[in-house]
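Q: Model the following, please.
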Amino acid sequence: MSLALDVVQLSRLQFGLTAMYHFLFVPLTLGLAVLLAIMESVYVMTGKEVYRQMTKFWGVLFGINFAMGVATGITMEFQFGMNWAYYSHYVGDIFGAPLAIEGLMAFFLEATFIGLFFFGWDRMSKVGHLCVTCLVALGSNLSALWILVANGWMQNPVGAHFNPDTMRMEVTDFMAILFNPVAQAKFVHTVSAGYVTGAIFVASVSSLFLLRGKHLELARRSLTVAVSFGLASALSVVVLGDESGYTAGENQKMKIAAIEAMWETEPAPASFTIFGLPNQETHQTEFAVRVPWLLGLIATRSIDQEVPGIQELVGHAQEHIRSGLIAFNALEKLRADRTDKDARAQLDQYGGTLGYALLLKKIRPDIAQATDEDISRAAWATVPRVSPLFWSFRVMVALGFFFILLFGFAFYLAARSRLEKARGLLWVMVFTLPLPWIAAELGWFVAEVGRQPWVIEGVLPTFLAVSSIAASDVWITLIGFIAFYSALLVVDIYLMVKAIRHGPGELEPDASAPPLAVASAAE
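A: The predicted structure is shown next:
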């Protein structure tokens with residue numbers, strides 16, 4: 001194994017670990033922020049003190065989670081320069097804009113008003129403080145929007161083109177980037193998943209209070225709010241997940257084929273595989289249990305359009321590689337002579353497939369001399385690992401339907417004032433606590449691993465995006481991140497558990513103390 005490959009694998013591992021660790025905090029931030037706004041809205045409308053107490057209590061837990069999310073998120077942005085320098089150079093004009101807007105529009109908004117949320121209770125009117133809470137929730141969602149606009153562009157690179165004079169990708173239509181259908185579908189699906197996470201967190205802790213006979217009034221009302229909000233959110237996740245699947249079917253056909261372990265193109269409408277054992281060596285899925293028509297309806301929303309299989313898509317990739325080689329040769333001529341109009345015309349015609357030709361650089365440096373065997377190997381490299389995607393997707397979907405059933409049953413009991421007496425269901429709520437995080441992490445895994453080998457779909461292969469650094473340097477930072485993040489995880493769990501054990505009423509924030517100190521203020 002070459003040193004360059006080691007650097008690629010280590011850099012992917014480091015960014016994957018930090019991104020998935022950071023994503024432990026993002027869904028809860030999104031969900032709790034909206035729940036706080038709902039609870040305080042009820043307080044302002046009814047004047048009932050219990051809703052004020054609820055907002056304060058869950059707000060402390062939100063503050064702990066928010067602080068940890070910030071601490072883990074900052075390191076990710078530095079990795080673009082440290083580990084992915086060529087990626088930052090190649091698409092920095094495009095990718096950097098949403099990240100900058102996220103910092104200016106969303107993060108500063110959220111970070112500014114979160115202080116007013118904690119220390120403005122006795123200094124602002126009810127309506128004024130409610131506006132602060134709503135702005136915190138708005139900032140959380142805007143932050144997710146701009147991050148997912150950037151990520152959505154990596155999945156579906158619209159509104160940009162390659163400039164041979166600068167050898168970089170440049171923006172041609174920022175509105176196309178902003179309203180990228182992939183980004184919009186990912187945004188609404190991700191925030192809905194965050195709302196489910198927040199709802200289950202509140203429901204689980206409230207159920208624990210009820211089972212132990214503590215803070216009963218707060219727990220009853222918190223559980224009712226969480227169950228109602230959670231049911232709506234869980235239903236939204238399924239509906240919006242369908243939209244996300246449809247956009248992937250339009251723009252990332254290989255991802256859909258890999259998720260379904262569909263090696264051969266089936267007659268329309270394609271069936272959905274509920275269970276099977278994909279074998280990437282034999283290109284078969286053994287013991288498959290399928291539901292007729294379902295995949296065709298999900299991926300194409302029709303009964304007469306085919307969903308291409310992996311074999312067919314590999315054939316398309318070979319065609320793209322061959323036309324990409326024409327674009328690559330034209331680019332080489334253009335770099336030698338900027339006035340070569342024929343070369344520029346060829347590049348304009350075939351430039352959309354240039355990225356496919358770059359896949360050959362992992363096989364041989366002189367890609368212009370690539371053989372048919374080289375092209376075939378490069379085409380098969382566009383197939384991600386099938387089994388992990390296949391099972392991750394199915395576990396995620398199964399959890400999504402479980403959340404609907406759980407919230408639906410709990411909502412039914414709550415409507416009849418029987419939820420508090422259903423101790424079995426309350427225990428299920430308690431033990432459900434880790435499941436939304438598992439579902440969210442699996443969703444992120446499917447989205448990111450599913451587009452490999454591309455860091456930018458069809459434009460830039462992942463192995464070309466890394467920095468020119470030694471593998472030992474990546475190892476050092478990787479070990480450092482693991483140690484640092486493990487310490488943060490211990491601190492986060494400690495503060496969360498301590499705040500929950502103290503419960504409401506003992507966590508009045510001191511104006512001189514930072515949010516994290518609130519959780520440890522009461523002894």
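
Q: Just the pLDDT for the nearest residue to Met105 once chain neighbours are set aside.
A: Spatially, and ignoring its direct neighbours in sequence, Met105 is nearest to Leu142 (5.8 Å; C-beta to C-beta, 6 or more residues apart in numbering). Just so you know, the C-beta spots here come from the backbone N, C-alpha and C atoms, and that holds for glycine as well. pLDDT for Leu142: 91.

Q: so what's Leu142 up against?
A: Shown in contact with Leu142 (C-beta atoms under 8 Å, 6 or more residues apart in numbering): Glu102, Met105, Ala106, Leu109, Glu110.

Q: Likewise for Pro388?
A: Contacts of Pro388 (C-beta under 8 Å, 6+ apart): Phe445, Val449.

Q: which stretch of helix or strand covers it?
A: Following DSSP states H and E, one finds Pro388 within helix 386-415.

Q: for the stretch 401-523 of the chain, what are the low-confidence residue spans?
A: 505-523 (pLDDT under 70).

Q: Helices of that one, residue ranges please.
A: Ranges of helices in the stretch 401-523 of the chain, per DSSP state H, counting those that start in this stretch, are 423-431, 435-449, 471-502, 515-518.

Q: now do the stretch 1-150 of the chain
A: So, for the stretch 1-150 of the chain - with DSSP H, counting those that start in this stretch - the helices run 3-22, 26-46, 49-82, 85-101, 108-119, 126-155.

Q: Can you give me the domain boundaries for this protein?
A: For the chain, automatic domain parsing gives the domain ranges 3-161+169-252+384-518, 258-300.

Q: wait, which of those domains is closest to Arg344?
A: When these are compared by C-beta to C-beta, domain 3-161+169-252+384-518 sits nearest Arg344, at 12.9 Å.

Q: hang on, the earlier thing: any chance of a markdown table for the helices of the stretch 1-150 of the chain, columns distance to Thr190?
A: As requested, the helices of the stretch 1-150 of the chain are arranged in a markdown table below (distance: least, C-beta to C-beta, whole Å):
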| stretch | distance to Thr190 |
| --- | --- |
| helix 3-22 | 13 |
| helix 26-46 | 8 |
| helix 49-82 | 14 |
| helix 85-101 | 15 |
| helix 108-119 | 16 |
| helix 126-155 | 6 |
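
Q: which stretch among those comes nearest Ala398?
A: helix 26-46 (18.0 Å).

Q: ok now the closest one, how far from the chain's centre?
A: 22 Å (C-alpha atoms, centre = their mean, to the nearest Å).

Q: So what touches stretch 352-363?
A: With C-beta under 8 Å, 6+ apart, stretch 352-363 has contacts from 162, 317, 320-321, 323-325, 327-328, 331, 347, 367, 370, 374-375, 377-379, 381-382, 453-454, 456, 458-461, 463-464.

Q: Now find how far off-centre that stretch is within its chain.
A: With C-alpha atoms, centre = their mean, you get 27 Å for stretch 352-363.

Q: quick one on the thing from earlier: neighbour-wise, which of the contacts of Leu142 leads?
A: Glu110 (23 neighbours; other C-beta atoms under 10 Å).

Q: Quick check: the gap between that residue and Cys134.
A: Distance, Glu110 to Cys134, using C-beta to C-beta, to the nearest Å: 12 Å.

Q: Could you do Pro436 as well?
A: Taken as C-beta to C-beta, the span from Pro436 to Cys134 is 24 Å.

Q: about what we covered before: check the domains of the chain for me and report the most buried one.
A: Per-stretch averages of neighbours, counted by mean count of other C-beta atoms under 10 Å, single out domain 3-161+169-252+384-518 among these, with a mean of 19.

Q: follow-up on the earlier one: how far away is the residue nearest to Met105 from Glu40?
A: If you go by C-beta to C-beta, the gap between Leu142 and Glu40 works out to 19 Å.

Q: One more: Leu294?
A: Distance from Leu294 to Glu40, counting by C-beta to C-beta: 42 Å.

Q: Next: Trp293.
A: 46 Å.

Q: which residue packs closest to the residue nearest in space to the middle of the chain, ignoring adjacent ones?
A: Nearest to the geometric centre of the chain sits Trp444, at 4.5 Å (C-alpha atoms, centre = their mean). Using C-beta to C-beta, 6+ apart and skipping residues adjacent in sequence, the residue nearest Trp444 is Phe23, 5.6 Å away.

Q: Just list the residues touching that neighbour, thanks.
A: Shown in contact with Phe23 (C-beta under 8 Å, 6+ apart): Ala440, Glu441, Trp444.

Q: any idea which of those residues is closest to Glu264?
A: Nearest to Glu264, judged by C-beta to C-beta, of the contacts of Phe23 is Trp444 at 29.0 Å.

Q: what's the closest of the helices of the stretch 1-150 of the chain to Val196?
A: Nearest of the helices of the stretch 1-150 of the chain (C-beta to C-beta): helix 26-46, 6.9 Å.

Q: who does the closest one touch, helix- and strand-wise?
A: Counting contacts by 3 or more C-beta pairs under 8 Å, 6 or more residues apart in numbering; DSSP states H and E, helix 26-46 packs against helix 49-82, helix 126-155, helix 181-212, helix 216-251, helix 435-449.

Q: Could you check the angle it makes with helix 108-119?
A: Per axes from the mean of the first three to the mean of the last three C-alpha atoms, to 10 degrees, the angle that helix 26-46 makes with helix 108-119 is 50 degrees.

Q: what mean pLDDT would you report for helix 26-46?
A: Rounded mean pLDDT across helix 26-46 is 95.

Q: Can you tell me who Pro461 pairs with across the strands?
A: Trp454 (DSSP bridges).

Q: and it, what is it in contact with?
A: Neighbouring residues of Pro461 by C-beta under 8 Å, 6+ apart: Gly355, Leu358, Leu359, Lys361, Lys362, Pro453, Trp454, Val455.

Q: Need phi/psi at Pro269.
A: Torsion angles at Pro269 (phi, psi; degrees, to the nearest 10) stand at phi -80, psi 140.

Q: and what of Asn180?
A: Main-chain torsions, Asn180, degrees, to the nearest 10: phi -50, psi 120.

Q: quick one, what contacts the nearest residue to it once chain neighbours are set aside?
A: Leaving aside its sequence neighbours, Asn180 sits nearest to Gly152 (C-beta to C-beta, 6+ apart; 4.9 Å). Taking C-beta under 8 Å, 6+ apart as the criterion, Gly152 is in contact with Asn180, Val182, Ala183, Gln184, Ala185, Lys186, Phe187.

Q: and with 10 Å instead?
A: Contact partners of Gly152, counting by C-beta atoms under 10 Å, 6 or more residues apart in numbering, are 98, 145, 158, 177-187, 247, 251, 447.

Q: now it: how far from Tyr412?
A: Computed as C-beta to C-beta, the Gly152 to Tyr412 distance reads 37 Å.

Q: and Gly103, what pLDDT?
A: With respect to pLDDT, Gly103 scores 82.

Q: wait, isn't it in contact with Trp146?
A: Yes - judged on C-beta atoms under 10 Å, Gly103 makes contact with Trp146 at a distance of 8.6 Å.

Q: With distance to Val307 as added columns, please give the domains of the chain in CSV.
A: As requested, those are arranged in CSV below (distance: least, C-beta to C-beta, whole Å):
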stretch, distance to Val307
domain 3-161+169-252+384-518, 7
domain 258-300, 4
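
Q: All set, thanks.
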